[in-house]
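S.K.: Sequence and computational prediction follow.
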Amino acid sequence: MRVLLVEDEREMVELMTVALGRQDILVDHVRTLELAKEACRNDIHDAVLLDRKLPDGDGLALIPFLREARAGIPVIVLSALGTPDHRIAGLDTGADDYLAKPFSVDELLARLRAVMRRPTRLEASSAKVAKLSFNLADRQAYIDSVPLDLTRRELLALEILVRRAGRTVARSALEEAVYGYVDEIASNTLDSHISRLRHKLAPAGVEIHAIRGLGYLLRAAP
Ligand code: CA
């Protein structure tokens, strides 16, 4: 599972990254509403964890935007604004859940599992192209039910390509998915990950097609 954490307090970010990381949940972090909107456009997250008091406004302002861009994505608000009125405002704006800070990480994990169990999420929990299947919940790829051995970066690249199979994934979106939002990267490293992925995916009857100047597209080989 891969979550987007919208949070501006460094300590909170570190705590969450470590605690969720222990459960094999990958955390991408942005600290403003503006960056959150950009990150959501990439369509690579399974859930959003949303703080309210952000440098550029109330986190709740992100929810209508999310509902338009990614209607079904679970959103859990994590906020020090914890009165019943605050919670009601959050849920009425469209949050799936609302946890007041401070909260226990175990409770957050339980609530995350609960929102992910809802039927609308399950439909999208696995993606399949030719003999390749990708389980989005445990982030594992298989060819004919045999687990595929991938490096972390190969896995991140494959995940976004599979989620958008048959559509072009922009180079910039792939780079963000593979390297996160902070790292500086050399321009040719993405291509070398893609080239190794192609090799590993060949037995699955899947090809990664380069769209010159735009990005890559994953599809069943003709
Ligand atoms: Ca804050």
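M.R.: Okay, I see it. Residues are numbered from 1 along each chain as shown.

S.K.: For the rest of this, base every contact and every neighbour count on C-alpha atoms.
M.R.: Will do.

S.K.: for the closest residue to Tyr98 other than its chain neighbours, what are its contacts?
M.R.: Distance criterion Cα to Cα, 6 or more residues apart in numbering; nearest residue to Tyr98, sequence neighbours excluded, is Val77 at 4.6 Å. Contacts of Val77 were listed using Cα atoms under 8 Å, 6 or more residues apart in numbering, and they are Leu49, Leu50, Asp51, Arg52, Gly90, Ala95, Asp97, Tyr98, Leu99.

S.K.: Give me the sheet partners of the helix or strand containing Val77 and which way each runs.
M.R.: Per DSSP states H and E, Val77 falls inside strand 75-79. Each strand paired with strand 75-79, and its direction, by DSSP bridges: strand 47-50 (parallel), strand 97-100 (parallel).

S.K.: which outside residues touch the first one?
M.R.: Read that as strand 47-50. With Cα under 8 Å, 6+ apart as the criterion, strand 47-50 contacts 2-7, 59-60, 73-79.

S.K.: swap the cut-off to 7 Å and go again
M.R.: Val3, Leu4, Leu5, Val6, Glu7, Gly59, Ile73, Pro74, Val75, Ile76, Val77, Leu78 (Cα atoms under 7 Å, 6 or more residues apart in numbering).

S.K.: ok, of those, which one's closest to Val27?
M.R.: Nearest to Val27 among the contacts of strand 47-50 is Val3, at 5.1 Å by Cα to Cα.

S.K.: which residues does that closest one bridge with?
M.R.: Val27, Ala47.

S.K.: List, one by one, the residues from the chain near the ion.
M.R.: Lys53, Leu54 (Cα under 5 Å from the ion).

S.K.: domain parsing for the chain?
M.R.: 2-121, 126-220 (automatic domain parsing).

S.K.: Any figure for the gap between the most centrally placed residue in the chain and the ion?
M.R.: By Cα atoms, centre = their mean, the chain has its centre lying nearest to His45, at 1.8 Å. Going from His45 to the ion by Cα to the ion, to the nearest Å gives 21 Å.

S.K.: That residue: what's it in contact with?
M.R.: Arg2, Val3, Leu4.

S.K.: In this structure, what helix or strand scores lowest on average pLDDT?
M.R.: helix 119-122 (a mean of 56; mean pLDDT, DSSP states H and E).

S.K.: Would you mind listing where this protein has pLDDT under the threshold?
M.R.: 119-124, 181-187 (pLDDT under 70).
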